[in-house]
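[1] Kindly generate the corresponding structure for this input.
(one chain, ligands or ions: 1)
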Amino acid sequence: MSKASSAIQFRWVSFQTHRDVILSLRRAILVDEQGFDPSIVHAEGDETALHLCGFAGDELVAAVAVFIHHGMDEELRRWQLPEVSGLVTHYGRYVVHPDHRGAKLAELMGRFLARHVFETLQPVLDFIILQGPHRELQGMYRRLFWFRFHARVGEGDDETIVMVRPPPDYPRAYLFARQREQALSRQLGIYSPSLIRFLDDEGRVELIPKDGHVQLNYYTSPLSLTDELPRLSAQNRLLFAEQRARLAKVALPPAPARLLDIGTGSGVYLTLLRTHERLAGYEVHGLDLSTKLLQYARMTAPEIPWHVASAYQTGLPDASFDVIHASFVFIHLVNVDLALREICRLLKPGGLLYVVDINDATFRGPPEIQEMVKVHAAIYEGDRTILEHLPRRAADFDLQLEHHFSTRLRNTAASETPEFLEDEVRLGRVTAWGMYSFLGQREELEEEFDIAQDLYFSSGCEISVEIQTQVYRKPPAALASADAGAPKPSQAEETAIRHAG
Ligand SMILES: C[S@@+](CC[C@H](N)C(=O)[O-])C[C@H]1O[C@@H](n2cnc3c(N)ncnc32)[C@H](O)[C@@H]1O
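    Next up is the predicted model:
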């Protein structure tokens, strides 16, 4: 890990509070070092831009701005951009202090931006302009950040190169950025705070599109439900057997209490869950985006209220649930922060978020099967390693991790009857392959899947992966109201608190 970057923290800041330090860093780098005209220092649009900054202690050492355009305006016409309606973003004034260069800090910042901007703002177009010495960086922006050449405006020293990242390139750019970001972030020990939380705190929620990802269901869209339903039901029974002991260890709120199962699917799991003795006297509700899946749920248990809605925007009242449950759902979400924000809103103070998911970062097996898992990670909009990052991301929304349980699923049972051990479940070889067989439905993975499946069934190879359970608590009311009366921590203190542990 680089010494220079290890102590750096990233924060979204408002231009109003950090104007002087941002302008002075830009002046030192863009004017004094790179020879730009001083008029470049303060950009038109800085006041409404989103500023991502890197701090070493209290010192600003890196900054970049995301400028916001609502539809076509004079600037977009000047850069000969296509007529679009909707949000357009423009990255610029990218500056890194000389002491902190060469540590991949600038690359990491670019990736944070790409991920947050796509997940949260979903612009119809985003672009960069390259002027002066920056024009030589075209290749780097194409290679690392997926921008494509769009236009050359002006001549000689005044020439400006315009590069764009238009849909449909954008989702691919996003997935590419997210993967590299996760690797770099781990390597440098630098994390990105939530843009959604920042927009909430700044009262700028109008920048979060209302309909954005709300209707997207990355679970059902690539799958055939006829194939998927039997697999899901078998998985539900297995999961419930594994979860019995886990649930008994968690301090669930006493009945009468209300539980909402987000991404409930066919409802089979919820009907099993509500039979657990710890949930006796609970009123349970299920919610899913898929009307088709909820049809099955209604048929199975007409007495349960089933809500057709998105995890990002449920339409249910504030503080109306004691427990929110989500099994095998977070791995399918592209905007985890938006879901966490909605969950916080729905939970009563002191309420629990109970998450169960597979974590592909814990997958073990022969290289050919690992390759299939890796290639899937590179094409899937959801994130099957999300539980690696969820504790930190949930902390951005004041949800504190109370329990983390891991159960390793292995393909080493003597027969197809599962064997339950402490923190381990042994499955038969065919049942265990069922955890990954759905990947065969993705066309893009055909080759990797065939190689992996052939190897799996022609050898005695072992595979295993963890199912993890994470339980988070929203602060109790007394704490929340005491916090409201106490002086607000400074942004630096807040970031330190959020990133502690
Ligand atoms: C793998 S299934 C899990 C179903 C169930 N929780 C279980 O454990 O069997 C994932 C579910 O999440 C739902 N889903 C995906 N994206 C969603 C979203 N944005 N809002 C609500 N549900 C969503 C899908 O429709 C699907 O039913």
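
[2] mind giving me the domain split of this structure?
    Each domain of the chain is listed here as a residue range: 3-207, 225-475, per automatic domain parsing.

[3] TSV for those domains, including mean neighbour count?
    For glycine as for every other residue, the C-beta is placed from the backbone atoms N, C-alpha and C. Converted to TSV, those look like this (neighbours: other C-beta atoms under 10 Å):
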stretch	mean neighbour count
domain 3-207	17
domain 225-475	18
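
[4] Now do the same contact list for the nearest residue to residue 145 once chain neighbours are set aside.
    Leaving out its chain neighbours, the residue that sits closest to residue 145 by C-beta to C-beta, 6 or more residues apart in numbering is residue 110, at 5.4 Å. Each residue near residue 110 by C-beta atoms under 8 Å, 6 or more residues apart in numbering is listed here: 64, 91, 94, 144, 145, 177.

[5] quick one: residue 299 from residue 292, how far?
    Between residue 299 and residue 292 the computed distance is 12 Å (C-beta to C-beta, to the nearest Å).

[6] which secondary element of the protein has the worst mean pLDDT?
    helix 491-499 (a mean of 40; mean pLDDT, DSSP states H and E).

[7] Residue 163 belongs to a strand?
    Yes - judged by DSSP: H, G, I helix; E, B strand; the rest coil, residue 163 forms part of a strand.

[8] Report the separation between it and residue 145.
    9 Å.

[9] just residue 53 next, same as before
    Here residue 53 is placed at a distance of 19 Å from residue 145 (C-beta to C-beta).

[10] excluding its backbone neighbours, what's nearest residue 423?
    For residue 423, the nearest residue in space outside its immediate sequence neighbours is residue 407; the separation is 5.5 Å by C-beta to C-beta, 6+ apart.

[11] picking up where we left off before, in what element of secondary structure is the residue nearest to residue 145 found?
    Counting by DSSP states H and E, the element that carries residue 110 is helix 105-116.

[12] Mean pLDDT for the domains of the chain - can I get that in JSON lines?
    Written out in JSON lines, the entries for these read as follows (pLDDT from 0 to 100):
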{"stretch": "domain 3-207", "mean pLDDT": "91"}
{"stretch": "domain 225-475", "mean pLDDT": "95"}
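
[13] Out of those domains, which gets nearest to the ligand?
    Closest approach to the ligand among the domains of the chain is made by domain 225-475 (2.8 Å; C-beta to the nearest ligand atom).

[14] Run the chain-centre distance for that closest one.
    The chain centroid and the centroid of domain 225-475 are separated by 16 Å under C-alpha atoms, centre = their mean, to the nearest Å.

[15] now check it, is it near the ligand?
    Yes - where contact is defined by C-beta under 6 Å from any ligand atom, part of domain 225-475 touches the ligand, namely 232, 236, 263-265, 269, 288-290, 293, 310-312, 327-329, 332-333.

[16] and residue 120, what is it in contact with?
    Contacts were defined as C-beta under 8 Å, 6+ apart; by that measure residue 120 touches 195, 196, 199, 207, 208, 335, 337, 338.

[17] State the distance from the closest residue to the first one other than its chain neighbours to residue 358.
    Yep, that's residue 195 we're talking about. Spatial nearest neighbour of residue 195, excluding adjacent residues (C-beta to C-beta, 6+ apart): residue 116 at 4.1 Å. Relative to residue 358, residue 116 is positioned 25 Å away (C-beta to C-beta).
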